[in-house]
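Participant: Show me the folded form of this:
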Amino acid sequence: MAQLQVTLEVAVGDLDAVDGALELAGALSQTYQADDGTVLLEPGVGEHPLWERVRVDALFPAGTDVDALHALLAGQLGDRLQGWRAETLEDRAWEREWLDHFQPMAFGDRLWIVPTGADPELPPGAVAIRLDPGLAFGTGTHETTALCLQWLDGEAIEGLHGLDYGAGSGVLAVAAVRLGAASCMAVDNDPQAVIASRENAERNRVAERVPSFAVDQRPAYCADFLLANILAATLVELADELRSAVRIGGRLALSGILQGQEQRVMDAFQGNIAWDTPQSRGDWVLVSGTRTA
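Facilitator: This next block holds a predicted model:
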């Protein structure tokens, strides 16, 4: 099905305003990248980096009124909207094109992400996660996902119960169970992500151990370990909820954090976590630790 792609150039210090405007406009998905490839620092407590200018690529349903969409986003973003381009993407075999470029990838000592239909020769003891592209983010190709997968591969999670908060494709929840966890609940605020999580769990024959829910519909649950691969601002906002979702003595891994933002995220948990040394990959950081109180 054809879709409308809109590319925005936005001057912004906080992506929440952009997220809100796109959600109001009915975006199906959006991706961000620094316009000039650099990360700028905002001085102050925590010295957390902020993108001064971003390029946003957002997809909308075919038939969206372009003029009305432009007016809505311009009204929401004001002077921060510094560039605009819209084009129709004709129907193509997106999944086939994606698979042509997606090769098996290793994370840690055991974990591999393998496209469905591929039959690579993997080393003895390898744990393969079969994954197809979907509407939700999360294939292992992004640094933040890779950091989470590597963390999982190095953790002793056999027989434990996990929570993947902001699950996207559900790859982390599926990986946790395939690595020996008794279960890992996948939750997300995007209905398409919930569907993708269920489908990927079924594809890997672990559906009964990867229950998937919308955030506002998930049952009460206290996990032995938690992964949250979302933006730093959201981690800060949800710090109390995320901490309370893990038992005392349980483990947390938080990603989606740009270099320099890690202290701001850790401070939001108010000293109730014994933090490990942060791990980094490219411009991105994962912080992990054990809940102490």
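Participant: Where does the prediction get shaky in the stretch 51-200 of the chain?
Facilitator: Of all residues in the stretch 51-200 of the chain, those with pLDDT under 70 make up the ranges 51-52, 90-103, 116-118, 132-141.
Participant: try 90
Facilitator: Where the stretch 51-200 of the chain drops to pLDDT under 90, the residues are 51-64, 74, 76-146, 167-171, 189-200.
Participant: which residues in it form strands?
Facilitator: Counting by DSSP state E, counting those that start in this stretch, the stretch 51-200 of the chain forms strands over residues 53-61, 81-89, 105-107, 111-115, 127-131, 161-165, 183-188, given from the N-terminal end onward.
Participant: Would you reformat those as TSV and include distance to Ala196 and mean neighbour count?
Facilitator: The way it works is simple: take the backbone N, C-alpha and C, and place the C-beta from them, glycine included. As requested, the strands of the stretch 51-200 of the chain are exported to TSV (distance: least, Cβ to Cβ, whole Å; neighbours: other Cβ atoms under 10 Å):
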stretch	distance to Ala196	mean neighbour count
strand 53-61	15	18
strand 81-89	20	14
strand 105-107	18	19
strand 111-115	14	21
strand 127-131	10	19
strand 161-165	12	27
strand 183-188	9	26
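Participant: In a markdown table, list those along with distance to Ala228.
Facilitator: Compiled in a markdown table, those are given as follows (distance: least, Cβ to Cβ, whole Å):
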| stretch | distance to Ala228 |
| --- | --- |
| strand 53-61 | 22 |
| strand 81-89 | 30 |
| strand 105-107 | 18 |
| strand 111-115 | 19 |
| strand 127-131 | 19 |
| strand 161-165 | 4 |
| strand 183-188 | 10 |
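Participant: Helices of the stretch 51-200 of the chain, start to end?
Facilitator: Read by DSSP state H, counting those that start in this stretch, the stretch 51-200 of the chain holds these helices, from start to end of the chain: 66-77, 94-101, 143-154, 171-178, 191-203.
Participant: Leu111 is nearest to which of those helices?
Facilitator: Shortest distance between Leu111 and those, using Cβ to Cβ, is found for helix 143-154: 4.5 Å.
Participant: Identify the residues contacting the closest one?
Facilitator: When contacts are defined by Cβ atoms under 8 Å, 6 or more residues apart in numbering, helix 143-154 is touched by residues 105, 107-111, 113, 138-140, 168, 171-172, 175-176, 179, 227, 229, 253, 255-257, 279-286, 288.
Participant: Please, a ChimeraX command that selects the buried ones among these?
Facilitator: In ChimeraX, selecting the buried portion of these, with burial taken from 16 or more other Cβ atoms under 10 Å, looks like this:
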select :105,107,108,110,111,113,138,139,140,168,171,172,175,176,179,227,229,253,255,256,257,279,283,284,285,286,288
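Participant: Please tell me how far Phe269 sits from Gly162.
Facilitator: As defined by Cβ to Cβ, to the nearest Å, Phe269 lies at a distance of 18 Å from Gly162.
Participant: can I see the domain layout of this protein?
Facilitator: Here the domain assignment for the chain is 3-89, 97-291, based on automatic domain parsing.
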